[in-house]
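S.K.: Sequence first, then the predicted structure, then my questions.
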Amino acid sequence: MHCPFCSFEESKVIDSRLVTEGSEIRRRRECLRCGERWTTFEVGELVMPKIIKQDKSRVPFDETKIREGIARSLEKRPVSDAQFQTLIDSIKKEIRDFGEREIESKQVGESVMRHLRKLDEVAFVRFASVYRSFQDPNEFSEEVKKLSDE
């Protein structure tokens, strides 16, 4: 790693600690030339599967799309940032746990709905209404009735 102060190519690690529940490593480094210290964070990069869309095209997994869709469904709902992040992490873990190089977009949508339903039923219905493209109020009320019955 290059020193951010003098651009020297060599540094030594003087301290390492696990952070964010063990999913990240914080390292304090010291430049071997100028002696300045700085912090780096290391996160394991996990390869997500490609998504097979309904038109059979394949696109890279895009966490931003999931985040935005869920965030819209959670607008003005009593869900904390920590709960939101845990939800995203759970969905990503489930998608990785499929163990496939490619998965259908339908599997991603169903995973989102399963997790969202456990977190907030109103947000679940909002997400489902867009995801399942409800065409009339009857479809919407049928989904709400299913929730009530369960």
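M.R.: Alright, I've got the coordinates.
S.K.: what about the longest helix belonging to the chain, distance to the chain center?
M.R.: Longest helix in the chain, counting residues (DSSP state H): helix 81-97. Centroid separation for helix 81-97 versus its chain: 5 Å, with Cα atoms, centre = their mean, to the nearest Å.
S.K.: Can you give the strand pairings for whichever helix or strand comes after that helix, parallel or anti for each?
M.R.: Toward the C-terminus, helix 81-97 is succeeded by strand 102-104 as the next helix or strand (DSSP states H and E). Strand 102-104 has the following strand partners under DSSP bridges: strand 50-52 (parallel).
S.K.: what's the average pLDDT for the partner strand?
M.R.: On average, the pLDDT along strand 50-52 is 96.
S.K.: got the buried residues for it?
M.R.: 51, 52 (16 or more other Cβ atoms under 10 Å). All C-beta atoms are positioned from the backbone trio N, CA, C, and that covers glycine.
S.K.: And stretch 60-71, by the same measure?
M.R.: Those buried within stretch 60-71 under the rule 16+ other Cβ under 10 Å are 61, 66, 69, 70.
S.K.: Of those residues, which is the nearest to residue 117?
M.R.: residue 70 (12.0 Å; Cβ to Cβ).
S.K.: Run through the neighbouring helices and strands of the helix or strand containing the closest one.
M.R.: Assigned by DSSP H and E, residue 70 belongs to helix 63-73. On a contact count with 3 or more Cβ pairs under 8 Å, 6 or more residues apart in numbering; DSSP states H and E, helix 63-73 meets helix 81-97, helix 105-119, helix 121-131.
S.K.: what does it rub up against?
M.R.: The set of residues external to helix 63-73 that reach it, using Cβ atoms under 8 Å, 6 or more residues apart in numbering, is 48, 84, 87-88, 91-92, 108, 112, 116, 123-124, 126-127, 130-131.
S.K.: Recalculate using a threshold of 6 Å.
M.R.: By Cβ atoms under 6 Å, 6 or more residues apart in numbering, the list of residues contacting helix 63-73 from outside reads 123, 126, 127.
S.K.: now those as CSV including distance to residue 37 and neighbour count?
M.R.: Shown next, in CSV, are those (distance: Cβ to Cβ, whole Å; neighbours: other Cβ atoms under 10 Å):
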residue, distance to residue 37, neighbour count
123, 44, 21
126, 48, 20
127, 46, 21
